[in-house]
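> Build the 3D model from these lines:
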Amino acid sequence: MRSDNIKKGIAHAPHRSLLYATGVSPKVIDRPFIGIASSFTDIVPGHTGMRDLERQIEKGIHSAGGLSFIFGVPVVCDGIAMGHNGMRYSLPSRELIADCVETMANAHQLDGLVLLTNCDKVTPAMLIAASRLNIPSIVVTAGPMLDGECKCDKLTMIKGTFEGIGRYRSGQITEEELTELELNSCPTAGSCQGMYTANTMACLTEVMGMSLPMCATAAAVSSLKKRIAFESGMRAVELVKEDIKPLDIITRDSLRNAILADYALGGSTNSVLHLLAIANTAGIDLKLEDFEELSPVIRQTIKLDPSAAPTMTDFHNAGGVPALLKTLYGHLNEFKDGKTVSGMNISEIAKEAWIDESLIHPLDKPVTTQPGLGILHGNIAPDGAVIKISGVDEKCYHFKGKAKVFDCEEDAMKALEGDDIKEGDVVVIRYEGPKGSPGMREMLSPTSLLVGKGLGTKAALITDGRFSGGTRGICVGHICPEAANGGNIALIKDGDDIEIDIENRSVNLLISDEELETRRKNFTPKKSGNAVCKSGYLSKYSKLVQDASHGAVI
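Below you'll find the predicted structure:
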């Protein structure tokens, strides 16, 4: 075992002495050392219930003959960080968390890991760390919160609050009604209720085989979640004994399975960034072209909030991820069998699954004519851009409008709040990419305001930043190259015609190549967008980060 490096032999008497100082008994020091990387905090609702799950994981580890050690990692709540400078730290926190897990596991020579996670950047960070370390590991996602309810209306965080602001500003509801919505939209601990980034990544983690069946959808406050945590602790010890490592499970096939599942689910656009980053760390040849290649072979088979009324609770009750596997495995040649941390193969989990086909449709009866996500190209995004097709009304698959250009999210918000954005406009928000922002902020506030004001099918938004999984509407993000790197998005002017064509996967500025070249000759990109960071973590991040088409890795 790796932990023998700190506990075996005469030379390690000092190491053992320090371990004894923590309360470790000499009677159990020969057991496998299992780290519990916990992202508990009492400021993020997705993580406030993790103390109970930590205890369950500990019990599982000790029941299986291991020795557990808890350590913490940081977490950013994207909802709380949204719309201000704090959002610049969200995507960069992914690399920070991965570094923390790597540091703790290697410095203390842990034999295995249970990765307790939930929110947007923590789950991919844990998978990046597991791939980097390649020691036996299992992921426990803490689960979604229960649905909100107000006067018999089902609520979710996005529709109840972010879109509620737009409804208030357009006079549809009163301030008192908005207060009622905010008090009732998030009733329990857990990740937000829809197929947003946290739940998308939880589902894809299960699809890839890195968490136990039903882990992604079991509610944070459920006894089932506690049992899954206990069984994950036990399984972590067994993985050490069986020498099953993350890179035995995270393979090119399992990542491509995740892409297909993402398309079926209509998941968050952020998943593109994260799957590319995991592949990069694992040394797996996965590129944006894989997303394009797999797009034509599948249609969306499940539609959840924010694109429809059903939530993660409904998805769980319909059979959860195992039911999705049953829908895909054996019915889609591109979806492959593979190992999982449970000890079962994908095919075995799929065989045992129960499915409610009224929510999780068969492949030959999809809910839309398109996959959930799409990769767009064109003269605005020669290196690619991403759109959540599941959040776009079918009558808007082709949209043409006039550019309204802003060099930061704040300026766009002022225009939206001042009713300066009208039907037929294309809001352009630039210098919000990984380097330009820095940090590639999410644009949930402006996209939600568009929808809340009734412009979700009448105006569009494009950006080199990114979107929350809760975004819906005609919204194109991850435009590459970004403005800070001299991308063509930086050359757009107010009043330019922009065309978004989902059927043909294109996003184009409708000016001549000669005019585009003339603009480029007279153009100097801004040094660092809106936040010139001269020191601190973001300063380092902006110097090292790659573009979104490569996963915004550093």
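> for the stretch 301-450 of the chain, what spans make up the helices?
Counting by DSSP state H, counting those that start in this stretch, one finds helices in the stretch 301-450 of the chain at the ranges 312-317, 320-328, 346-352, 409-417, 444-452.
> What is the burial count for Asn508?
Other residues within reach of Asn508 by the criterion other CB atoms under 10 Å amount to 19. C-beta: built from backbone N, CA, C; applies to glycine.
> Now it: which helix or strand?
Element membership for Asn508 (DSSP states H and E) is strand 506-509.
> Let me know the next secondary structure element after that strand.
Using DSSP H and E, the helix or strand that directly follows strand 506-509 along the chain is helix 513-521.
> circling back to that earlier point, for the strand holding Asn508, name the packing helices and strands.
If you count contacts as 3 or more CB pairs under 8 Å, 6 or more residues apart in numbering; DSSP states H and E, strand 506-509 packs onto strand 497-501.
> buried ones in the strand it packs on?
498-500 (16 or more other CB atoms under 10 Å).
> What is the nearest of the residues you listed to Phe69?
Nearest to Phe69 among these, counting by CB to CB, is Ile500 at 50.4 Å.
> and the gap between the nearest residue to the closest one once chain neighbours are set aside and Leu127?
Closest residue in space to Ile500, ignoring its immediate chain neighbours: Phe399 at 4.6 Å, by CB to CB, 6 or more residues apart in numbering. According to CB to CB, to the nearest Å, Phe399 and Leu127 sit 35 Å apart.
> The two: which is more packed in?
Neighbour count, other CB under 10 Å: between Phe399 and Leu127, Leu127 has more, with 29 against 21.
> The more buried one touches Thr205, doesn't it?
Yes. Leu127 lies in contact with Thr205 (CB atoms under 8 Å); the separation is 6.6 Å.
> Find residues that contact each of the two.
Counting by CB atoms under 8 Å, 6 or more residues apart in numbering, the contacts common to Leu127 and Thr205 are Val139.
> The stretch 301-450 of the chain: strands as residue ranges?
Along the stretch 301-450 of the chain, counting by DSSP state E, counting those that start in this stretch, strands occupy 374-376, 385-387, 398-406, 425-429.
> Out of these, flag the one nearest Gly143.
When these are compared by CB to CB, strand 385-387 sits nearest Gly143, at 26.4 Å.
> quick one on the thing from earlier: can you pull the contacts of the residue nearest to Ile500?
Going by CB under 8 Å, 6+ apart, the list of residues near Phe399 reads 426, 460, 474, 499-500.
> would you turn the buried residues of strand 497-501 into JSON lines with distance to Gly148 and pLDDT?
JSON lines is the format used below for the buried residues of strand 497-501 (distance: CB to CB, whole Å; pLDDT from 0 to 100):
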{"residue": "Ile498", "distance to Gly148": "36", "pLDDT": "98"}
{"residue": "Glu499", "distance to Gly148": "38", "pLDDT": "98"}
{"residue": "Ile500", "distance to Gly148": "32", "pLDDT": "98"}
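> Redo these as CSV? Include distance to Pro246.
What follows is those, written out as CSV (distance: CB to CB, whole Å):
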residue, distance to Pro246
Ile498, 42
Glu499, 43
Ile500, 38
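> nearest to Ala415, of these?
Taking CB to CB as the measure, Ile498 is the one of these closest to Ala415, at 16.3 Å.
> list the contacts for that closest one?
By CB under 8 Å, 6+ apart, the contact set of Ile498 is 380, 400-403, 426, 428, 460, 462, 492, 507-510.
> Restricted to buried residues, select the residues you listed in PyMOL.
Selection of buried members from the contacts of Ile498 for PyMOL, criterion 16+ other CB under 10 Å:
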select buried, resi 380+401+403+426+428+460+462+492+507+508+509
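> quick one: contacts for Gly86?
Per CB under 8 Å, 6+ apart, neighbours of Gly86: 76, 80.
> Can you check the pLDDT for it?
You'll see Gly86 listed with a pLDDT of 92.
> Got phi/psi on it?
In terms of degrees, to the nearest 10, the main-chain angles of Gly86 are phi -60, psi -30.
> same thing with Arg227?
phi -70, psi -40.
> Tell me, how many residues neighbour it?
So Arg227, with other CB under 10 Å, has 15 neighbours.
> Within its sheet, name the partner strands of the strand or helix carrying Val114 and how each one runs.
Per DSSP H and E: Val114 is located in strand 112-117. Using DSSP bridges, strand 112-117 pairs in its sheet with strand 33-38 (parallel), strand 137-141 (parallel).
> Out of those, which one sits most buried?
Most buried of these by mean neighbour count (mean count of other CB atoms under 10 Å) is strand 137-141; its value is a mean of 31.
> which residues are in contact with it?
Everything outside strand 137-141 that qualifies as a contact, by CB under 8 Å, 6+ apart, is 53, 57, 112-118, 123, 126-127, 130, 191, 198, 201-202, 205-206, 210-212, 215-216, 228-229, 232, 235-236, 239, 245-246, 341.
> So which of those sit within helices?
The members of the contacts of strand 137-141 that map onto helices under DSSP state H are 53, 57, 123, 126-127, 130, 198, 201-202, 205-206, 228-229, 232, 235-236, 239, 246.
> thinking again about what came up before, ok, which pair from the contacts of Phe399 is furthest apart?
Across the contacts of Phe399, the longest distance by CB to CB is 11.4 Å; it joins Ile474 and Glu499.
> Can you add distance to Asn184 and give the contacts of Phe399 back as TSV?
Output for the contacts of Phe399, formatted as TSV (distance: CB to CB, whole Å):
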residue	distance to Asn184
Val426	35
Ala460	31
Ile474	29
Glu499	41
Ile500	35
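> and which of the residues you listed is nearest Pro362?
Checking those against Pro362 by CB to CB gives Ile474 as the nearest, at 28.8 Å.
> in this structure, what spans have low per-residue confidence?
Within the chain, the ranges that satisfy pLDDT under 70 run 527-532.
> cutoff 80 now
470, 525-534 (pLDDT under 80).
> residue nearest the centroid of it?
The chain has Thr197 as the residue nearest its centroid, 3.4 Å off, counting by CA atoms, centre = their mean.
> my guess is that one contacts Asp120, does it?
Yes. With contacts counted by CB under 8 Å, Thr197 reaches Asp120, the gap being 4.1 Å.
> Now do the shared contacts for these two.
With CB under 8 Å, 6+ apart as the test, Thr197 and Asp120 both reach 78, 270, 469.
> how many neighbours does the first one have?
So that's Asp78. 27.
> if I pick it, what's in contact with it?
87, 90, 119-121, 197, 442, 444, 468.
> Just give me the closest of these to Ile10.
Nearest member of the contacts of Asp78 to Ile10, counting by CB to CB, is Lys121, at 43.8 Å.
> How are the helices of the stretch 51-200 of the chain distributed by residue range?
78-81, 90-107, 122-133, 157, 163-169, 175-184, 197-208.
> quick one, which of those is packed in tightest?
It is helix 197-208: most buried of those by mean count of other CB under 10 Å, with a mean of 30.
> Remind me what that helix packs against, helices and strands.
The contact analysis (3+ CB pairs under 8 Å, 6+ apart) places helix 197-208 against helix 122-133, strand 137-141, helix 252-265, helix 270-282, helix 320-328.
> Put the alpha carbons of it into PDB.
In PDB, the C-alpha atoms belonging to helix 197-208 read as follows (Å, rounded to 0.1, in the frame of the first residue of the first chain):
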ATOM      1  CA  THR A 197     -24.300  22.100 -14.100                       C
ATOM      2  CA  ALA A 198     -24.100  20.400 -10.700                       C
ATOM      3  CA  ASN A 199     -26.700  17.800 -11.500                       C
ATOM      4  CA  THR A 200     -25.500  17.400 -15.100                       C
ATOM      5  CA  MET A 201     -22.000  16.600 -13.800                       C
ATOM      6  CA  ALA A 202     -23.400  14.300 -11.100                       C
ATOM      7  CA  CYS A 203     -25.300  12.400 -13.800                       C
ATOM      8  CA  LEU A 204     -22.300  12.200 -16.100                       C
ATOM      9  CA  THR A 205     -20.100  11.000 -13.200                       C
ATOM     10  CA  GLU A 206     -22.500   8.100 -12.700                       C
ATOM     11  CA  VAL A 207     -22.600   7.400 -16.400                       C
ATOM     12  CA  MET A 208     -18.800   7.300 -16.500                       C
END
